[in-house]
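Asker: Take this sequence and fold it.
(4 chains)
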2 protein chains.
Amino acid sequence: MPEVRKEIATIELPEPVSNPEGKPSKPRTPRIDRRKAPLTKEKILDAAESLFVQRGYYGTSLRDISKAAGVQLALTHYHFGSKEDLFRAVIDRRAEENVASMRDALRKVVNAAGDQVPDPQAVLHAFITPPIEHSLRDGEGWRNYIRLLAQVANLPQEESIVVPVNIHYDSVVQDVIVQLRRSYPHMSATDVHWYFHFFQAAITHVLIESGLVDRQSGGLCKASDLDTIAEKMTQFFAAGFKGMAR
Amino acid sequence: MPEVRKEIATIELPEPVSNPEGKPSKPRTPRIDRRKAPLTKEKILDAAESLFVQRGYYGTSLRDISKAAGVQLALTHYHFGSKEDLFRAVIDRRAEENVASMRDALRKVVNAAGDQVPDPQAVLHAFITPPIEHSLRDGEGWRNYIRLLAQVANLPQEESIVVPVNIHYDSVVQDVIVQLRRSYPHMSATDVHWYFHFFQAAITHVLIESGLVDRQSGGLCKASDLDTIAEKMTQFFAAGFKGMAR
DNA sequence: GTCTATAATGGGATAGAC
DNA sequence: GTCTATCCCATTATAGAC
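Answerer: Take a look at the predicted model:
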């Protein structure tokens, strides 16, 4: 059930006509009715996002996707080319905004500290909060996206599709590491990487909301309770860093 | 390249002939040559194990498996029935031994403590060490199995195949939680579950050896270095528990 | 137990009318 | 941009000879 999208807008504005160098004008995409295309593309992306999470890349067929989107099979190829390209499009659609949220959160923490070294717990919080906020409060599509992202992070890198996905997030990770290292100048770079990696590793499981913890805790803990998880995790991992800092 | 297996042995010993109640003897499987069957089954299991890790359940075909095993396609059905049954067989083959290793490691720690409460760091160590030992030192098949297990733990529980897999390990988790709670009597059961879950969540990523950390750390950390990871993780998470215990 | 052959279905992708 | 129809290949699974 894809969420309703209100804004239409023109996706690709044609460049204003100015041809100073007098080059022959390139063949342009014909002036066809593009008003409904964005809706179709979004519907396909929404359906793909949802199904890829549930059954994985290979477990989801383009037929499943087109059916769930209420759209003809051929349109998936028309709009996205191949299945792999569609998968990439699903990832890319929200990647930039997600990274921006994480970067902004980190920047706020750093700015708030002024000349001081930012509180490492706040740094960890800035890393985990944005995806959780998106997942909890920006609609079903965002939740699917975050879960998908976390699943892809848990695939072996030999797997062809995954590498270009995770690269989106490398620079934010670097920024976080830099800030953490300021708090622990006597800790080796390697150890900071390891400890942060444990944090990130736990996050990837938690964001999937696998449901493991629900069963193992007999219902005491709920994987869907991401707000609680964000709080507990930042406290716990901050305590870990602190304990290792001696 | 499946590892060589030396032992043959009889898998199913026919019951000794004693028929006190005089019932008509049941139709028995015909006396056919079973000497090569175990080898074939193992070859299929090895190949399946390896390929499921690399490309996932849906991304791996029975043709791929039979080819990798050097065996006819039809034999996969003869020996295991359906593809799903084969997957289960792959999981089940090593599950018992793996669980036993974990249980033994935990028991040793508890016994060593005698009347005292066992060191929580040793308890965590007992949980993470057995799969890592298997993965590192018991051959390629074991490494594939551990990676596969960790991947399955990172699938949403809606996914049909996963639940019967993870259930194998629930009782060990319960035992570990019981021991940890002894160390932190003032900590709520819920919090112990959460903190241990973070540990387990990190483990599932780490055991996959995704390779994320290699790239993010610029080579400082290697996902394949599970010995280091076991040490660092037990220290770090023990520090986390200790820090939260106030 | 192993093999060949084949059934029956579903998969990604494309052609061409509208 | 959308639709129908179709190509061609891969898939799981089974039948039956050896």
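Asker: going forward, measure contacts between C-alpha atoms and count neighbours the same way
Answerer: OK.
Asker: Could you confirm whether whichever helix in chain A runs longest reaches chain B?
Answerer: When chain A is parsed with DSSP state H, its longest helix is helix A:83-113. No - applying CA under 8 Å from any CA of the partner chain, one finds helix A:83-113 separated from chain B by no less than 13.3 Å.
Asker: Now that helix: buried residues?
Answerer: Using 16 or more other CA atoms under 10 Å in any protein chain shown as the test for burial, helix A:83-113 gives A:83, A:86-91, A:95, A:98-99, A:101-103, A:105-107, A:109-110.
Asker: One more: stretch A:239-246?
Answerer: Quick answer for stretch A:239-246 (16+ other CA under 10 Å): A:A239, A:G240, A:F241, A:K242, A:G243, A:M244.
Asker: Tabulate the CA atom coordinates of that stretch in CSV.
Answerer: C-alpha atoms of stretch A:239-246 as CSV (Å, rounded to 0.1, in the frame of the first residue of the first chain):
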residue,chain,number,x,y,z
ALA,A,239,29.5,3.6,28.5
GLY,A,240,31.5,1.1,26.5
PHE,A,241,33.7,3.8,25.1
LYS,A,242,34.1,5.4,28.5
GLY,A,243,35.1,2.1,30.0
MET,A,244,37.7,1.4,27.4
ALA,A,245,39.2,4.9,27.6
ARG,A,246,41.4,3.9,30.5
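Asker: now check the longest helix of chain A, is it near DNA strand C?
Answerer: Yes - applying CA under 7 Å from any atom of the strand, one finds helix A:83-113 touching DNA strand C at A:K83, A:E84.
Asker: helix or strand right after that helix?
Answerer: Proceeding N to C from helix A:83-113, the next assigned helix or strand is helix A:120-137, under DSSP states H and E.
Asker: quick one: the helices in chain A?
Answerer: For chain A, the helices defined by DSSP H cover A:37-59, A:62-69, A:73-80, A:83-113, A:120-137, A:140-153, A:163-166, A:170-183, A:189-208, A:212-216, A:226-244.
Asker: residues touching A:S135, list them.
Answerer: A:W142, A:R143, A:N144, A:Y145, A:I146 (CA atoms under 8 Å, 6 or more residues apart in numbering or on different chains).
Asker: Which one of those is nearest to chain B?
Answerer: A:N144 (11.3 Å; CA to the nearest CA).
Asker: mind listing what the closest one touches?
Answerer: A:E49, A:S50, A:V53, A:S135.
Asker: Give me the distance between the last one and A:L207.
Answerer: Read that as A:S135. 8 Å (CA to CA, to the nearest Å).
Asker: can you list contacts of the lowest-mean-pLDDT helix or strand in chain A?
Answerer: When the helices and strands of chain A are scored by mean pLDDT, DSSP states H and E, helix A:163-166 comes last with a mean of 84. For helix A:163-166, contacts defined as CA under 8 Å, 6+ apart pick out A:R88, A:I91, A:L149, A:V152, A:A153, A:Q157.
Asker: ok, now stretch A:232-239?
Answerer: So stretch A:232-239 is in contact with A:120-122, A:124-125, A:199, B:194-195, B:198, B:239-241, B:243-244, going by CA under 8 Å, 6+ apart.
Asker: Do you know the pLDDT at A:S171?
Answerer: Looking at A:S171, its pLDDT is 95.
Asker: tell me, how many neighbours does it end up with?
Answerer: 13 (other CA atoms under 10 Å in any protein chain shown).
Asker: Could you do A:I132 as well?
Answerer: There are 22 residues near A:I132, going by other CA under 10 Å.
Asker: is it true that A:P156 touches B:G211?
Answerer: Yes - using CA atoms under 8 Å, A:P156 makes contact with B:G211 at a distance of 6.8 Å.
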